[in-house]
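Student: Have a look; sequence and predicted model below, questions after that.
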Amino acid sequence: MPTASPDMVDLARWVRALKGLDDLRDRCGVGVGNIRAVSWNLDLGGVDGVLERRLRGQSEVLAALRPDVLALQECTFWDADEERRLLWMADVLGMVPVRMEPSRLGDGRNHTALLYRPSALRLIGRRTLGAGVYHHALIRARLRPVHTRDDRHDVLVFATHLTHLDGDRRLAEARCLTDYAGPLPGMPDRALLLGDLHCSGPDDAEPVDWERLPRNLHARHRLIAPDGSFGPMDRRALAVLVNAGWIDPQSLTGRARAATVGHGGEGIPLRLDHILVRGLPVESYRTHDTPEARAVSDHLPVVLDTSLMAPRLPGRESEPRLPGPVSGRGTRV
């Protein structure tokens, strides 16, 4: 597997060194811009009929991770009782909702949510984008470290859930995000994209045995030839994002992370959940693969640590180097 370039390794080391200031932050409340982003598909909102056992288990996993930015997909039934479950989760985690948006297609009970930690970040702006395009939703927030006085360290955060039904529609959804892969007037030059993208990376290994996946689910993941036969994995949605300028953090860490699905009903291990970056250093990037997380959802959380206060390396985002293919479940980190 290719290793990260020396300057990116040095920058990551510099970001880690900032942790030496954590004691100062704890004593006098001076923030240094270190943030953790987490994305997780909750599988029917953690709700099974009237039971919320999985939901409570999910809150325990998330509380231990302590995210500053949190994107949640499949917040199914979370609109019930005046959004009781969303507000409960926010309270348990010490976070504040940016928005929770229903899916455009379906029965209206599936939602995508974005939350932030107010002790670390301030909400400067928010919008729901892609009306009429997304099967689910696209939420955008502009966030600022709480102890900064201007917009120099602002970050755009996107939370989304790309469609599982149609690779062509999924590609169209991804193309709505390519504008934000480079400079845009009036927008911060740093960004995070969190979500269940329902797509593997361009360099992820082809599954060894597609037959481990039920035949009726192949159309979700594979290219379809003109005659209707199935081809290799459909990677177009993630590929267009990376080619536009979004960075898969694996290209900065030089380490492939574990699959996010395959332990539940999917049948084969795949990395379908991602956090992409633009203009940000990456301290660490991993799939949070634990027995507790496996027990409460068919997806695993994705965790990224970065710093909004670290300097940018100009020009590094245009030519990311992706890790080589990984067999099986990949490297657990």
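Tutor: The structure has been received and is ready for your questions.
Student: Could you use CA atoms for every contact and neighbour count after this?
Tutor: Noted.
Student: Could you report the pLDDT at Pro333?
Tutor: No Pro there; residue 333 is Val. Looking at Val333, its pLDDT stands at 27.
Student: what's the answer for Arg13, then?
Tutor: Reading off the model, Arg13 has pLDDT 48.
Student: Nearest residue to Leu61 in space, please, no chain neighbours.
Tutor: Quick fix: residue 61 is Val, not Leu. Nearest non-adjacent residue to Val61, counting by C-alpha to C-alpha, 6 or more residues apart in numbering: Ala293, 6.5 Å away.
Student: Tell me who's in contact with the most centrally placed residue in the chain.
Tutor: Centroid check for the chain by C-alpha atoms, centre = their mean gives Leu194 as the closest residue, at 2.7 Å. By C-alpha atoms under 8 Å, 6 or more residues apart in numbering, the residues touching Leu194 are 38-39, 71, 157-160, 273-276.
Student: Roughly how far does it sit from Pro301?
Tutor: Counting by C-alpha to C-alpha, to the nearest Å, the gap from Leu194 to Pro301 is 11 Å.
Student: do the same with Asp48
Tutor: The value you get for Asp48 to Pro301, if C-alpha to C-alpha is used, is 20 Å.
Student: Check which element follows the worst-scoring helix or strand of the chain on mean pLDDT along the chain.
Tutor: Among the helical and strand segments of the chain, the one scoring lowest on mean pLDDT, DSSP states H and E is helix 22-28, with a mean of 36. Counting by DSSP states H and E, the next helix or strand C-terminal to helix 22-28 is strand 34-41.
Student: Run through the neighbouring helices and strands of the following helix or strand past that next one.
Tutor: Downstream of strand 34-41, the first helix or strand assigned by DSSP H and E is helix 53-65. Counting contacts by 3 or more C-alpha pairs under 8 Å, 6 or more residues apart in numbering; DSSP states H and E, helix 53-65 is packed against helix 80-93, helix 291-296.
Student: same question for helix 53-65, mean pLDDT?
Tutor: 98.
Student: next one: stretch 262-277
Tutor: 87.
Student: what about it, how long is it end to end?
Tutor: 25 Å.
Student: That one: which residues count as buried?
Tutor: 262-264, 267-277 (16 or more other C-alpha atoms under 10 Å).
Student: Mind checking which of the residues you listed land in strands?
Tutor: Counted as lying in strands by DSSP state E, out of the buried residues of stretch 262-277, are 273-277.
Student: And Arg215, its phi and psi?
Tutor: phi -60, psi -30 (degrees, to the nearest 10).
Student: now do Leu238
Tutor: phi -70, psi -40.
Student: Excluding chain neighbours, what is closest to Leu162?
Tutor: Leu197 (4.9 Å).
Student: Test my guess that that neighbour contacts His161.
Tutor: Yes. The pair Leu197 / His161 is scored as a contact, 5.8 Å apart, by C-alpha atoms under 8 Å.
Student: Between the two, point out the one with more neighbours.
Tutor: Counted by other C-alpha atoms under 10 Å, Leu197 and His161 do not tie: His161 has more neighbours, with 28 against 23.
Student: what's across from the more buried one in the sheet?
Tutor: For His161, the beta-bridge partners are Asp196 (DSSP bridges).
Student: Can you tell me how far it is from Pro207?
Tutor: From His161 to Pro207 the distance is 23 Å (C-alpha to C-alpha).
Student: do Ala237 as well
Tutor: In this view, Ala237 and Pro207 are 18 Å apart by C-alpha to C-alpha.
Student: Ok, Ala159 next?
Tutor: 27 Å.
Student: What is the neighbour count of Asp203?
Tutor: Quick note: Asp203 (other C-alpha under 10 Å) scores 13 neighbours.
Student: tell me the secondary structure for it?
Tutor: For Asp203, the secondary structure call by DSSP: H, G, I helix; E, B strand; the rest coil comes out as coil.
Student: Now it: phi and psi?
Tutor: phi -110, psi 10.
Student: now the nearest residue to Ile139 once chain neighbours are set aside: how far from Leu44?
Tutor: Leaving aside its chain neighbours, Ile139 sits nearest to Thr128 (4.6 Å; criterion: C-alpha to C-alpha, 6+ apart). Thr128 sits 22 Å away from Leu44, going by C-alpha to C-alpha.
Student: What of Arg235?
Tutor: The spacing between Arg235 and Leu44, counted by C-alpha to C-alpha, is 25 Å.
Student: Check Cys75 too.
Tutor: Going from Cys75 to Leu44 by C-alpha to C-alpha gives 6 Å.
Student: Give the residues shared as contacts by these two.
Tutor: Contacts common to Cys75 and Leu44, judged by C-alpha under 8 Å, 6+ apart, are Asn110.
Student: Please identify which of the two sits among more neighbours.
Tutor: The neighbour count for Cys75 versus Leu44, taken as other C-alpha under 10 Å, is higher for Cys75 (26 against 21).
Student: May I have the phi/psi pair for the more buried one?
Tutor: According to degrees, to the nearest 10, Cys75 has phi -80, psi 60.
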